[in-house]
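J.: sequence and predicted model, in that order:
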Amino acid sequence: MLREIRPAIVLLLVLTAITGLAYPLAMTAISGVIFPEQAQGSLVEKDGKVIGSALIGQEFKSDKYFRGRPSATLAPDPNDSTKTVSAPYNAANSGGSNLGPTSKALADRLKEDVDKLKAENPNAAVPVDLVTTSGSGLDPDISPEAAQFQVPRVAKARNISEDQLRQLVVANTQGRLLGLLGEPRVNVLALNLALDSASAK
Amino acid sequence: MTMIGWLQIILFCAIIVALTKPLGWYMTRVFNGERTFLSPVLRPIEAGIYWISGVDERREQHWLTYTVSMLLFHIGGFLIIYGVMRLQAMLPFNPAGQSAVAEDLSFNTAISFITNTNWQNYGGESTVSYLVQMLGLTHQNFLSAATGIALAVALIRGFSRASMRTIGNFWVDVVRTTLYVLLPICVVYCLFLVSQGMPQTLGDYVEATTLEGAKQTIAVGPVATQVAIKMLGTNGGGFFNANAAHPFENPTALSNLVQMLSIFLIGAALTNVFGRMVGNQRQGWAILAVMGVLFVAGVTVTYWAEASGTSTLQALNLTGGNMEGKEVRFGIVASSLFAVVTTAASCGAVNAMHDSFTALGGMIPLINMQLGEIIIGGVGAGLYGMLLFVVLAIFVAGLMVGRTPEYVGKKIEAREVKMAMLAILVLPLMYLGWTAVGVVYPAAVASMANAGPHGFTEVLYAYTSSTGNNGSAFAGLTGNTFFYNLTLASAMFVGRFFMIVPAMAIAGSLAAKKSIPPSAGTFPTTGGLFVGLVVGVILIIGGLTFFPALALGPIVEHLAMNAGQVF
């Protein structure tokens, strides 16, 4: 058994160097050359400044923008570091609400949000993704129904026609891959950027 | 449930079945030490590693030496992770300036990664540096996976050899698995993931000013290299807190499909390796069939439950299923399928929050783990777990007809059955025992996030997941406390090593036996009767063990939900 001690130590160090350093560092270099944009985090720039990532959702409060899904991410409480406070779309601390199917807190939150949305648009059914929090709290997408649902509010705030907005939503809808994989969706940041440039014209 | 949803599930199953045979062929060559198309590049590196570490690749080991080598290797791995976590503030590759990780959390995480569990009490982007992610976590993702595969191959050799004292060389098996199987797949896989949008950088977290002018700090890092092996090696520990639900850790529907495939890939191929090494591939297909029956049943229940939604959603006229904790790009079907895949194998990565699943939708992942993660299972661990159940099933069949049971030419006798029972019984002792403590000990009770039966399920899920070396969670439970860090670590340790040692004892005892040719009285182990028998034994043993606990958790919660009750 004693002669197994040398392999246990040397082999562990060698394999650690290969898999823990050589592999990630080499792949970082290769990825940076072949896919430079993705490797950096698919960052979106406007007027030379980073305004976010195409893959990471961000918070929109204004009526003039389409909003993403509710987010349950947290941040340390600035007044007491042992506690946390709500901080939607905190991209440095991802996470979901983890509220279960029989949670009263979840039932209350859903009811409140549904009532708010019904007041905003009484003519359409509330889409489920617009009132539920995502797993990461950073979901960049909403369903096409959730985008269409917000059209009357955005049209009013921007004073543009609903038809024009609906076409914009359709133009920014991504379908299933090969018609099969995933779900149809609208990237909220991309839609809002398109909205800004359409309004500027 | 929709047609397009079922088509996605069928596509997934078809690809796995199609890949099982070619990868099984390749891996068999690797474990037998034969030449492969990668040998011209890798053979010199392999020989160099043996030379500097003093390994004689032709010298085989007795099962005890094999097991001790594995344990020594893990002690070293533990020390590296623990050391790097405690010292990360002083070491390079720490752009976010993370401070030293606490002792109990470092201990829990080190145990978690050497046991292939990857339970996340640490927060990923908010707790550990890039160096810890690479040198601590990525490297152990490789080595714990390679260990699992090596052990499975050693057990297969026990079945396939006759009258021998040795079951292979642990060091050679680990090196060959790492170099010829895991690394080449990861290199290609990692580039694919980056092409889909996964970051791979050592740069600082990005400071963005959003369209509305708010500040947003975006965590990035060397994500793709870790995710590739985390999936392929069924480790499951996320680079980010939200794991594969995070858009950077799973950017597209295609990356999601490939990640699910990579969880099952090696485990499925090992059934074919088993068939080839015992001289009849149909033996491997029969085992894959047992796994397939249980898998499809689980997917059906979870998909149905999640698509049906909850009574809270229905009361508000919210249709389209239970989207709380799920991502739009995956939707109901890809989230349900992922949850069943990750718990059938002992991966534990999640692309949706299991804590927010419906009661029955979340019960299937729990059952998958409580059955011992034998439906494909962890790389290697799934196969040796399944073979323990096969030994029991054969024993039961033998008792029914009054013959000494035999399997692939080996007599199954008292020693093998005792060892199999030991391994199978120690798991419920851990998850049921600790759950009982967790629901009465006040400091532990405070960790529950949900009230009512769902809180009980959170605790049961935590110990089941850690005992099964899965690592997924009902993540509302606050696991980063002194009590949970230590007790979960003990469950992970026992769940891994108290399964491995009996399995290796069986390997040694079988290898020493003579091989007997099949006769007219031999029970055929390649047909439907055998598949049905093994499925039956798994469900009866499993059902008797944990049904009472399920009744207290998800089952009563489902009934309460239908009665419109909230807690």
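T.: That came through fine. Just so it is clear, the structure is predicted and the values come from calculations on it, not from any experiment.
J.: now for the residue in chain A that chain B sits nearest to, how many residues are close by?
T.: Here chain A gets closest to chain B at one residue, A:Gly182, 2.6 Å apart by CB to the nearest CB. The C-beta positions use only the backbone N, C-alpha and C, and glycine is treated the same way. A:Gly182 sits with 25 neighbouring residues when counted by other CB atoms under 10 Å in any protein chain shown.
J.: so what's it up against?
T.: By CB atoms under 8 Å, 6 or more residues apart in numbering or on different chains, the contact set of A:Gly182 is A:176, B:252-254, B:256, B:329-331, B:334.
J.: looking at the residues you listed, which are in strands?
T.: If you go by DSSP state E, those have nothing in strands.
J.: of the residues you listed, keep whichever come out buried.
T.: The neighbour count (16 or more other CB atoms under 10 Å in any protein chain shown) marks B:252-253, B:256, B:329-331, B:334 as buried among the contacts of A:Gly182.
J.: and chain A, which of the residues you listed contact it?
T.: B:252-253, B:256, B:329-331, B:334 (CB under 8 Å from any CB of the partner chain).
J.: can you give me the helices for chain A?
T.: In chain A, the segments counted as helices under DSSP state H are A:5-16, A:23-34, A:36-40, A:104-120, A:144-158, A:162-171, A:188-200.
J.: hang on, B:Gly168 in a helix?
T.: No. Counting by DSSP: H, G, I helix; E, B strand; the rest coil, B:Gly168 is not part of a helix but coil.
J.: can you pull the contacts of the residue nearest to A:Gln174 when sequence neighbours are not counted?
T.: Leaving aside its chain neighbours, A:Gln174 sits nearest to A:Arg185 (5.6 Å; criterion: CB to CB, 6 or more residues apart in numbering or on different chains). With contacts defined as CB under 8 Å, 6+ apart, A:Arg185 is in contact with A:141-144, A:173-174, B:328-329.
J.: who wins for most neighbours among those?
T.: A:Asp141 (29 neighbours).
J.: who are the contact partners of it?
T.: Residues counted as contacts of A:Asp141 (CB under 8 Å, 6+ apart) are A:57, A:68, A:185-188, B:327-329.
J.: apart from its chain neighbours, what residue comes closest to the residue of the stretch 151-300 of chain B found nearest chain A?
T.: Nearest residue of the stretch 151-300 of chain B to chain A, counting by CB to the nearest CB: B:Ala253, 2.6 Å away. The shortest distance from B:Ala253 to any non-neighbouring residue, by CB to CB, 6+ apart, is to A:Gly182 (2.6 Å).
J.: let me know the secondary structure of B:Gln259.
T.: Put simply, B:Gln259 is helix when judged by three-state DSSP.
J.: neighbours of the residue lying closest to it once chain neighbours are set aside, just the number please.
T.: Of all residues not flanking B:Gln259 in the chain, B:Met231 sits nearest, at 5.0 Å (CB to CB, 6+ apart). B:Met231 has 28 neighbours, counted by other CB under 10 Å.
J.: kindly report the same for B:Arg403.
T.: Close neighbours of B:Arg403, defined as other CB under 10 Å, add up to 12.
J.: that one contacts B:Gly521, correct?
T.: Yes. Between B:Arg403 and B:Gly521 there is a contact under CB atoms under 8 Å: 6.3 Å.
J.: secondary structure element for the closest residue to B:Asp56 other than its chain neighbours?
T.: Distance criterion CB to CB, 6+ apart; nearest residue to B:Asp56, sequence neighbours excluded, is B:Tyr50 at 7.5 Å. Under the criterion of DSSP states H and E, B:Tyr50 resides in helix B:39-53.
J.: give me the mean pLDDT for that helix.
T.: Across helix B:39-53, the average pLDDT comes to 95.
J.: which residues touch residue 173?
T.: I went with chain A, as the question did not name one. Taking CB under 8 Å, 6+ apart, we find A:Thr173 in contact with A:144, A:147, A:184-186.
J.: I was after chain B.
T.: Residues in contact with B:Asp173 (CB under 8 Å, 6+ apart) are B:31, B:146, B:149-150, B:153-154.
J.: run me through the strand neighbours of the strand of greatest length in chain A, direction for each.
T.: Taking DSSP E as the criterion, chain A has its longest strand at strand A:80-86. In the sheet, strand A:80-86 lines up against strand A:74-77 (antiparallel) (DSSP bridges).
J.: from the chain's centroid, how far away is the partner strand?
T.: 19 Å (CA atoms, centre = their mean, to the nearest Å).
J.: alpha carbons of the helix holding B:Tyr50, as PDB, please.
T.: C-alpha atoms of helix B:39-53 as PDB (Å, rounded to 0.1, in the frame of the first residue of the first chain):
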ATOM      1  CA  SER B  39      -3.300   7.800 -29.200                       C
ATOM      2  CA  PRO B  40      -0.700   9.600 -31.400                       C
ATOM      3  CA  VAL B  41      -1.300  12.800 -29.500                       C
ATOM      4  CA  LEU B  42      -2.100  11.600 -26.100                       C
ATOM      5  CA  ARG B  43       0.000   8.400 -25.600                       C
ATOM      6  CA  PRO B  44       3.300  10.400 -25.000                       C
ATOM      7  CA  ILE B  45       1.500  12.600 -22.400                       C
ATOM      8  CA  GLU B  46       0.100   9.500 -20.700                       C
ATOM      9  CA  ALA B  47       3.400   7.700 -20.600                       C
ATOM     10  CA  GLY B  48       5.100  10.900 -19.200                       C
ATOM     11  CA  ILE B  49       2.500  11.100 -16.400                       C
ATOM     12  CA  TYR B  50       3.200   7.400 -15.400                       C
ATOM     13  CA  TRP B  51       6.900   8.000 -15.500                       C
ATOM     14  CA  ILE B  52       7.000  11.100 -13.300                       C
ATOM     15  CA  SER B  53       4.400   9.600 -10.800                       C
END
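J.: next secondary structure after it?
T.: According to DSSP H and E, the helix or strand after helix B:39-53 is helix B:63-86.
J.: same for that following helix, what does it pack against?
T.: Applying 3 or more CB pairs under 8 Å, 6 or more residues apart in numbering or on different chains; DSSP states H and E, one finds that helix B:63-86 contacts helix A:5-16, helix B:103-114, helix B:139-160, helix B:170-176, helix B:482-511.
J.: and of those helices, who's closest to A:Val169?
T.: The closest of the helices and strands packed on helix B:63-86 to A:Val169 is helix B:139-160. By CB to CB, the value is 41.3 Å.
J.: let me see the mean pLDDT of the closest one.
T.: Across helix B:139-160, the average pLDDT comes to 92.
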